[in-house]
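Return a 3D structure for these sequence lines:
(2 chains)
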There are 2 protein chains.
Amino acid sequence: VSKRLPGLERQLVPTPHTAGLNGRVLVKNPHLDLMEEDVLYHLDLGTKTHNLPAMFGDIKFVCVGGSPNRMRAFAQFMQRELGLAGAGEDVADICAGSDRYAMYRAGPVLSISHGMGIPSISIMLHELIKLLHHAKCRDVTIIRIGTSGGLGIEAGSVVITDTAVDSSFQPRFEQVVLGDVVVRSTELDKDLAEELLACSRDIPDFPTLIGHTMCTYDFYEGQGRLDGALCSFSSEKKLEYLRRAYDAGVRNIEMESTAFAALCGLCGLKAAVVCVALLDRLEGDQIRASHEVLWEYQQRPQRLIAAFIRKRLGLCPTD
Amino acid sequence: VSKRLPGLERQLVPTPHTAGLNGRVLVKNPHLDLMEEDVLYHLDLGTKTHNLPAMFGDIKFVCVGGSPNRMRAFAQFMQRELGLAGAGEDVADICAGSDRYAMYRAGPVLSISHGMGIPSISIMLHELIKLLHHAKCRDVTIIRIGTSGGLGIEAGSVVITDTAVDSSFQPRFEQVVLGDVVVRSTELDKDLAEELLACSRDIPDFPTLIGHTMCTYDFYEGQGRLDGALCSFSSEKKLEYLRRAYDAGVRNIEMESTAFAALCGLCGLKAAVVCVALLDRLEGDQIRASHEVLWEYQQRPQRLIAAFIRKRLGLCPTD
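Now for the predicted structure:
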């Protein structure tokens, strides 16, 4: 029943990574202009209930990550790093009326949680992109900061994604539209990835690399784990699959990057994915490091992005 | 690169809905027995850090839903409905050390959030099924209580799913395992669905029906919405797709039911899906009802499940 429509996406946006007119975010939906009101349901925001240009018009950086607590901590961290008034105080959840996602801001930085998996991040990105469009934001850079399983790299290493690939190691995102499969490109901004790598070199003891990131729909069977409720394969078959991934250039595995790259690319947002590896999947499946060690690992993408944003804003690095 | 292995699942479990030995939850993974410890990472629980049989051994009903606030409210509601000590007080989040999911209990009822989409519910279900297995639970019934878009039914109607279908209206769940596609059955327990429908008849003004539920990977393009950041189809094409779904027996659309049915079925859990329709998708895309109206709609699956659990426990109905 499903068929590929490879020409369709080219029709939609001739060159994926061209920014919109005057740096504006591209919404590719002719129906939106006909709507009197746009309710961003899962964000608990809307064009009639909120003054979106006043609330968000000056946003330049959007950082997204799975966990709501981590994204609140990131907003608080950015308040300190940017020397903003109110630093050290609590930050308010802009989406407090919904518990689907949490959203915080620190100056020109918006910090939003997206939950786990492609469907969850997709809902958030559709509504976020419409939000940035309604708010008339310009020249926005969007970065996913997350956690992942490493592949042949030391736990704690930070991977900057050059290309997001699917479970067959292909740089594509298959999206079902009205029951048909549409294939989309998952390219990310190469210059942005290099800029982030350069920033990482200024931070001491900060293992960072650029590599492919594999994105799966499942954490257990889909990533070749032996420790789920179901497992029908051997340890040898698992390692064979993970080694094939490594040979294809994959250095970490997570669950959102292909959809993130495809949707941001089509809408003209410069996008990057920066994930820390919580373990090396060639050595095991269970995440058994202590809370303290995991907490420090999860700081690493935040520290890198803070250094990057300070540099972009012309602020002196503090470390 | 992907291939179908239709024989594999039959090898795993000869008859999907047979309960495990003596009503135990079936874990189908020979590797688990070899593990000295099992860390249920996303639940922040483990076999060495927690006495799982003492904490969960007497659980008979597991209710899951997307929103953490709604699942806390459900636990509080069940405390009152079951006349438990502490009713009216706050309930503690058993997974407080993780913000991926929230878990509460009320007597023999466990209430857990699963976030949005198949990947998010799959992670939770793998760890929940292992939890029930480690805790030696017996004769557990699991019910997803959620929200959905209706199809040709009045907003506020409650749909009890007989079969979960994919975006091609087929009763199947495609799971990628080590890069290959495995197809799984999405049958649900027919007797449980009928028992729930019978319960609904005892509640006045409570529109309830049994029908197919379509499960998609995307809320916007995947469900034929015209109001996402991207939309490449016309209103006519959208309605044509939704009418085809209606003709195939689909009465509501959500984002978790196929994976839920497949995973619970394979592990011998009697499972049901009960979702309220927040709108009729043949009439629109945006969820525009007031918070109050939506709040009342979201109570309906909770009220039905409370009546069902009371009946099962031999308690007098209170309404």
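
Residue numbers of the stretch 201-319 of chain A in contact with chain B?
A:216-222, A:224, A:226-233, A:235, A:237-238, A:241, A:244, A:255, A:263, A:266-267, A:286-288, A:291 (Cβ under 8 Å from any Cβ of the partner chain). No exception for glycine: its C-beta is placed from N, CA and C like everyone else's.

try 6 Å this time
Where proximity means Cβ under 6 Å from any Cβ of the partner chain, the interface of the stretch 201-319 of chain A facing chain B comprises A:217-222, A:224, A:226, A:228-231, A:233, A:241, A:255, A:267, A:286-288.

Please tell me I have it right and A:His134 contacts A:Pro53.
No - assessed by Cβ atoms under 6 Å, A:His134 is found out of contact with A:Pro53, at 7.4 Å.

ok, these two, which is more surrounded?
More crowded of A:His134 and A:Pro53, by other Cβ atoms under 10 Å in any protein chain shown: A:His134, with 23 against 13.

In contact with that one, which residues?
Residues near A:His134 by Cβ atoms under 6 Å, 6 or more residues apart in numbering or on different chains: A:Thr47, A:Leu52.

in what helix or strand does A:Ile112 lie?
strand A:109-113 (DSSP states H and E).

for A:Val293, same thing?
Per DSSP H and E: helix A:291-312 holds A:Val293.

How about the secondary structure of A:Gly86?
coil (DSSP: H, G, I helix; E, B strand; the rest coil).

One more: A:Leu131?
From three-state DSSP, the assignment for A:Leu131 is helix.

From chain B, how far off is A:His212?
15 Å (Cβ to the nearest Cβ, to the nearest Å).

Repeat that for A:Ile121.
Taking Cβ to the nearest Cβ, one finds A:Ile121 at 9 Å from chain B.

In which helix or strand does that residue reside?
If you go by DSSP H and E, A:Ile121 is part of helix A:118-134.

What is the subsequent helix or strand relative to that helix?
Per DSSP H and E, the helix or strand that comes after helix A:118-134 is strand A:141-150.

Compute the inter-axis angle for that following strand and helix A:291-312.
Angle between the axes of strand A:141-150 and helix A:291-312 is 150 degrees (criterion: axes from the mean of the first three to the mean of the last three Cα atoms, to 10 degrees).

Quick check: can you name the pairing partners of strand A:141-150 and their directions?
Strand A:141-150 has the following sheet partners, assigned by DSSP bridges: strand A:61-65 (parallel), strand A:250-254 (antiparallel), strand A:270-280 (parallel).

Output these as JSON lines; include the columns mean pLDDT and mean neighbour count.
Converted to JSON lines, the strands paired with strand A:141-150 look like this (pLDDT from 0 to 100; neighbours: other Cβ atoms under 10 Å in any protein chain shown):
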{"stretch": "strand A:61-65", "mean pLDDT": "98", "mean neighbour count": "26"}
{"stretch": "strand A:250-254", "mean pLDDT": "98", "mean neighbour count": "26"}
{"stretch": "strand A:270-280", "mean pLDDT": "98", "mean neighbour count": "25"}
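
Beta-bridge partners for the residue nearest the centre of chain A, please?
The centre of chain A sits closest to A:Arg144, judged by Cα atoms, centre = their mean, with a distance of 2.5 Å. On the basis of DSSP bridges, A:Arg144 is bridged to A:Val64, A:Val273.

That one touches A:Val64, doesn't it?
Yes - A:Arg144 is within contact range of A:Val64, at 5.2 Å (criterion: Cβ under 6 Å).

Around chain B, which positions in the stretch 1-150 of chain A sit nearby?
Counting by Cβ under 6 Å from any Cβ, the stretch 1-150 of chain A sits next to chain B at A:1, A:27-29, A:31, A:39, A:41, A:67-69, A:99, A:115-117, A:119-120, A:122-123, A:126, A:129-130.
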